[in-house]
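Q: Give the three-dimensional model of this entry:
(2 chains)
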Amino acid sequence: MFKLSEDGLKYVKSELTRYETKQSAIIRCLYRAQDENGGWVSPEVIQHLSEVMEIPAAQIEEVATFYTMFNKQKVGRYHVQVCCTLTCGMLGGRELTDAMMKEAGCKKTGETSADGLFTFSKVECLGSCDTAPMLQINRDPYIESLSTEKAVQLVRDLRAKAKGH
Amino acid sequence: MLKCTLNGREVEVKEGTTIIEAFYQNKIDIAHYCWHPGLSIAGVCRLCMVEIEGNPRLQIACNTVVTEGMKVNNQSAKVKEAVKWGLDFHLINHPLDCPICDQAGECGLQDQYMKYGQYDSEMAEAKQKKHKVVDLGPRVVLDSERCILCSRCVRFTDEVSKTNELGIFNRGDRAEIGTFNGKPLANKYSINTVDICPVGALTSKDFRFRQRVWFLKDAETVCTGCSTGCNVKVYYNREGLFRVKPVYNSEVNGHWMCDEGRDVYKFVNKESRLLDARVVSGVKSEHMTAFEAAKRVGEKLKGAGKTVGLVLTGSYTVEEYEAILSYFKTEVGTDRVFHWINNPESFEGFDGLLLRGDRNPNTRGLVQAMQKHGLTAQWKELTEALSTGSIQTLVVAGPENQVWFPDFKVKVAELSKATRLIWMTSGKSSALDELKGEVTLIPMKSYIEKSGTFVNHTGRAQTIRPVTSIVKGALSLTEVVTAFRGEALQGSEVVPGRSENEVGRGRIHNEFTLSRGTW
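A: Model prediction:
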């Protein structure tokens, strides 16, 4: 069973007082809960939030399924979101994703690699067309102006980093 | 009051009225799906577009309030074009499986398409595949492909039943109605979502695939499920009743009714009815007509005095109570009349919306009638009288619907202590069939077959009229009294086949009231 940490609970309580309606706080609280649950929103997370926020679970589920930034499936430690919209797509975003997936050992997008480190998603425009192709890992700053080599190297570096820890 | 013009007709409406309400109040047709008078405004279907003079863009009628001198039109070419394309968008992912769809014949999409659509679809894309035959709960099935996402059902569980089971999950053309994590839609009012669903997305498990709606006639009556007395419409044909839907009455039930009330029709149909009278005497058992049996009973009752007891349940009409009580007081000569309360523990219960613990349509009418005749006997006096043998003949006007009499079998056993038992009931029961000794069973009419008045828990008297005949020869209590007296019956009360286009007082003819039971 998922439960928010004490700090997380405090955060949710303060968010609830921020807006005119409780429903407005759902997105921020979902973000927090997703981070505490290892990067994804499970039904238990929604159930728990529903109890803490006193909002029907169906209403939280509506928000969680509407927005793509909430993962409804388990993801790896690094959720790699590669932009494949126009500019990035033309400059090789999709090919770059395939190369990274091959390196990481993922057969298709949405699937987590066997070592539990990588999940890849092709996403729509992240608003950084001038530095295409680009990607974002979890909610960290963008990694921009990529080439296939750079991207594959990125996967290697991340794996080494994860092993080093 | 504000003056405004609807399609060139000047009308007056109250301040704060929305345009769509003004259209309804003046009985002018307007296309819509998501708006429902019993729910909040969503403004999602975009079908109630109207042109307002001086406003370059079309507005939605459901969320625009009438202002003084407003000139509104929903007949212009611009509006018709907008509605037509609105419909086309609704139909993009709709499967058009009308031949196998239960909603066919009372479907909002079909109706609006015939009125405003009639175009050739220009969609070249393949339709989205979604979940079909989703078991939402004990009484409702969902077909997501047919859904147009009007959100009426979601608003119903949010605002009326306040159970919040339903939501719209995912986004864009993947959006679907569903419940959180498979939690069933199991509230006591769930079939209302089927009623208000303008398409065939939500269907009732009970009515699904049982009958095409155009083979059914309908008539308005009152639900006998509890002392609230919801106004309902029953749908029937020659085989019997098929379903019950609520009818709007702001004073009683609003737009809704409970799921249990929808089962009431089942006890009216032939398979659960007592079909002819039976006189059992020792090992001998004789079948005869209800009238003949009642006549024979009457011969013995006349002037029998205080050895006769009468047990009444709250299932009968005011007129019937009056007839039988005055007969027993004056002609039989007994004041031993007892009120059988079916569930004394939960009798005063109320679920906060409609359903009451008193599962009788006319308890109040019975109590009033007994008071009027000065009858004050308590149930325990009957128990005593039966054990001492001071009551020998017991006449029981049994419950119409035994399901809501949890103590039925116990009471049958208790009352069968009487030397002679006359049991009048509309429903058959194994407990009654097994009775030994001198027993007369008389088949009674159900509420569908007789006229009369029910007084609900607030004291509101509501009349019912005969809808159709199901068991030929069954009697009402009034007719039983006539038979007791040995007089001839005054013809049959039943008027078979009331017109299906008959709409009750204060109701409005429109595509929804005519075909869907509720707006």
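Q: Name the residues of chain B found near chain A, please.
A: Within reach of chain A by Cβ under 8 Å from any Cβ of the partner chain, chain B has these residues: B:158, B:164-171, B:179-181, B:183. Heads up, the C-betas are built off the backbone N, CA and C, glycines and all.
Q: Run through the neighbouring helices and strands of the helix or strand hosting residue B:386.
A: For residue B:386, the host element (DSSP states H and E) is helix B:379-388. Counting contacts by 3 or more Cβ pairs under 8 Å, 6 or more residues apart in numbering or on different chains; DSSP states H and E, helix B:379-388 packs against strand B:308-312, strand B:337-339, helix B:408-415.
Q: Need those in TSV (columns: mean pLDDT and mean neighbour count).
A: As requested, these are exported to TSV (pLDDT from 0 to 100; neighbours: other Cβ atoms under 10 Å in any protein chain shown):
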stretch	mean pLDDT	mean neighbour count
strand B:308-312	94	24
strand B:337-339	94	21
helix B:408-415	91	17
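Q: show me the residues around residue B:153 that make contact.
A: The contact partners of residue B:153, by Cβ atoms under 8 Å, 6 or more residues apart in numbering or on different chains, come to B:166, B:177, B:193, B:196, B:197, B:202.
Q: So which of the residues you listed belong to strands?
A: B:166, B:177, B:202 (DSSP state E).
Q: is it true that the second one touches residue B:152?
A: To tie it back to what came earlier, the one meant is residue B:177. No. Contact criterion Cβ atoms under 8 Å: residue B:177 and residue B:152 do not qualify, at 10.1 Å.
Q: what's the spacing between residue B:458 and residue B:160?
A: As judged by Cβ to Cβ, to the nearest Å, residue B:458 and residue B:160 stand 20 Å apart.
Q: out of those two, which sits in the busier spot?
A: Taking neighbours as other Cβ atoms under 10 Å in any protein chain shown, residue B:458 and residue B:160 compare with residue B:160 leading, 19 against 11.
Q: And the nearest residue to that one once chain neighbours are set aside, how close does it get to chain A?
A: If the residues on either side of it in the chain are set aside, residue B:160 comes closest to residue B:256, at 6.3 Å by Cβ to Cβ, 6 or more residues apart in numbering or on different chains. Look at residue B:256 and chain A: by Cβ to the nearest Cβ, to the nearest Å, they are 20 Å apart.
Q: Residue B:78 now?
A: For residue B:78, the distance to chain A - Cβ to the nearest Cβ - is 33 Å.
Q: my read: that residue touches residue B:58, true?
A: Yes. Using Cβ under 8 Å, residue B:78 is in contact with residue B:58, at 6.7 Å.
Q: Mutual contacts of the two, please.
A: residue B:51.
Q: So what's the residue count around residue 70?
A: Using chain A here. Residue A:70 has 19 neighbouring residues, counting by other Cβ under 10 Å.
Q: um, chain B though
A: Neighbour count for residue B:70, taken as other Cβ under 10 Å: 21.
Q: what helix or strand is the nearest residue to it once chain neighbours are set aside on?
A: Closest residue to residue B:70 apart from its sequence neighbours, by Cβ to Cβ, 6+ apart: residue B:4 at 4.3 Å. Here residue B:4, judged by DSSP H and E, is contained in strand B:2-6.
Q: One more: residue B:369?
A: Per DSSP H and E: helix B:363-372 holds residue B:369.
Q: Report the inter-axis angle for that helix versus strand B:308-312.
A: Here helix B:363-372 points in a direction 150 degrees away from that of strand B:308-312 (axes from the mean of the first three to the mean of the last three Cα atoms, to 10 degrees).
Q: Quick one: mean pLDDT for helix B:363-372?
A: Averaged across helix B:363-372, the pLDDT comes to 94.
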